[in-house]
Structure formats: C-alpha cells, structure tokens
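Participant: Okay, structure incoming, though there's no sequence with it:
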C-alpha cells in the first residue's frame, strides 16, 4: 500500500519503540516523515537510513513549545506541507503511591504526557487546516480502565478527552483527531525489568503482549484516507485485555492500593 504517497508526517518520541515503528510504517507506505526525539544521534541515524528525500531528523523536547514550533517549521520548510501528526511522546514518570505524589510530580507527568500533545496540536493546526490533515495520539488502556499508575492514567485519559473535543471543533474544517490506546507493548522501556513481559503475557486473552508494529498498523490506518470518515474515536489495540483478564492467567497487580497502616 502507498497510502501516504505525497504526504508528510510528524512523529514525536520516534527514536525507538512505537515511534520508530510508526516512522518505518509511514515511510514504507510512501510518506515523508519528520523523526523527532530528544536523542539527536538516534533520529539522525533513522532519518539517514530512510534517506534525505523521505525523512528529516530533528531533536525536540516536547515540553518546549519553541522546540516544537521550530521542528514543525523545519518540516514544512523541507517538505512543503504537513498532513499527519503522531503524538507518541509521554510515559509513566511518577512511581510513588498516589497519596504520596507531590503537586510537582503531578505537573511533571501532565506536562510530559498531556501538555506535550497539546503543544504539538496547537503548533500544527494551521498547517493541518491547509491540507485537511489529521492527528493520531498514542494514549493507553490506562486512560480507559483502572490498571494503576494514577497520574499516568489521568494524563492518558486527558489525551482522549482532548482529542474528542478537538475533533468536534475542527471537524467542520476537515481536520480529524483520533487516538490509539495500546496495552502492554514490547519496547526498550522494559529492558530494565527482565521477565516482566513474560509474566504479563498470561493476562492477555490473545496470549501475548503487543509489538510496536501492532500499534504502527493502527496509526497508519487512522492516519490514512482509509479512515476519512472517522474522527473523535479511540481505538484500543490491546490483545483483548479490556474485555477482562485471561481467565487462565493472574490478575493485573493493583499498584494503586493504599499502603497498610
């Protein structure tokens, strides 16, 4: 398929994992991609691999509106247009129990995960209105159901609500907003926790955790004209875990339970 022929995508947190898989999928379908991340060497290497005609690597701190503005300006300057923004940046950076989370940690989590997506959308909107483009934000099943990590879950739920409201506001102008909500995905973030993914597999009715390519396939669908009449939608890509845990496996650990007195 060449669904992105002649189109330009801007992907955050694209140096590895889900972001890298999204970049490769869009490029494989003929699109030009702006690869952004804090890891300058990694985005440069990926962009060089894909070729200067098809990719641009830019170091971006998603907590900085100036960085985002500059990167989107560079994207339009290089390729002449912007058709798709993939908000992939964001992660669980607060690990304390919710009753112990400081206001500062709440702000850090929301800034990194929720406000980063808002910044990208605000910077991209003028360009997306010209191309009748769209935004796909990577949220999480944590934003839909109670899997723990309260602050992260709240930020991810905020992404969903934000996207629905943007969809209603900008739909009449031809700009679409959708969300992909992954379950557990095998990314380098899990490398420091050996054995955990194998334990988690048994909780998924489909018997495995996700791969970055599973998420990239969903992003490519929602970001393409195949989804031209879909907006304000959240697509769970989660191996069936939202239907309930695998009866043969253990339940997800409750990381939000209050500490015993």
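Facilitator: That came through, no problem. What you see is a predicted model; the values in this text were computed from it and never measured.
Participant: what's the burial count for residue 51?
Facilitator: For residue 51, the neighbour count with other Cβ atoms under 10 Å is 10. From N, CA and C alone the C-beta is placed, and that goes for glycine too.
Participant: same question, residue 219
Facilitator: The tally of other residues near residue 219 (other Cβ under 10 Å) stands at 27.
Participant: Equivalent analysis for the one 3 residues further on, please.
Facilitator: Using other Cβ under 10 Å, residue 222 has 24 neighbouring residues.
Participant: isn't there a helix covering it?
Facilitator: Yes - counting by DSSP: H, G, I helix; E, B strand; the rest coil, one finds residue 222 located in a helix.
Participant: which non-adjacent residue is nearest it?
Facilitator: residue 178 (4.4 Å; Cβ to Cβ, 6 or more residues apart in numbering).
Participant: Assign a three-state SS to that neighbour, would you?
Facilitator: Of the three states, residue 178 takes strand under three-state DSSP.
Participant: For the protein, which segments count as helices?
Facilitator: For the chain, the helices defined by DSSP state H cover 17-28, 40-50, 65-79, 103-110, 116-131, 150-170, 196-201, 212-223.
Participant: thinking in terms of the whole chain, how far from its middle is the shortest one?
Facilitator: Taking Cα atoms, centre = their mean, to the nearest Å, one finds the center of helix 196-201 at 22 Å from the center of the full chain.
Participant: from now on call the first residue 49
Facilitator: Okay, using 49 as the starting number, the last item reads as helix 244-249.
Participant: buried set for it?
Facilitator: Neighbour counts over helix 244-249 (16 or more other Cβ atoms under 10 Å) mark 245, 248-249 as buried.
Participant: Quick one: mean pLDDT over that helix.
Facilitator: Averaged across helix 244-249, the pLDDT comes to 91.
Participant: what's it packed up against?
Facilitator: Helices and strands touching helix 244-249, by 3 or more Cβ pairs under 8 Å, 6 or more residues apart in numbering; DSSP states H and E: there are none.
Participant: ditto for the longest one
Facilitator: In this structure, helix 198-218 makes packing contacts with helix 151-158, helix 164-179, strand 182-186, strand 224-230, judged by 3+ Cβ pairs under 8 Å, 6+ apart.
Participant: what's the closest non-adjacent residue to residue 176?
Facilitator: residue 223 (4.9 Å).
Participant: picking that back up, what's opposite the residue nearest to residue 270 in the beta bridge?
Facilitator: Following DSSP bridges, residue 226 is listed with bridge partners residue 184.
Participant: Repeat that for residue 233.
Facilitator: Beta-bridge pairing of residue 233, defined through DSSP bridges, involves residue 258.
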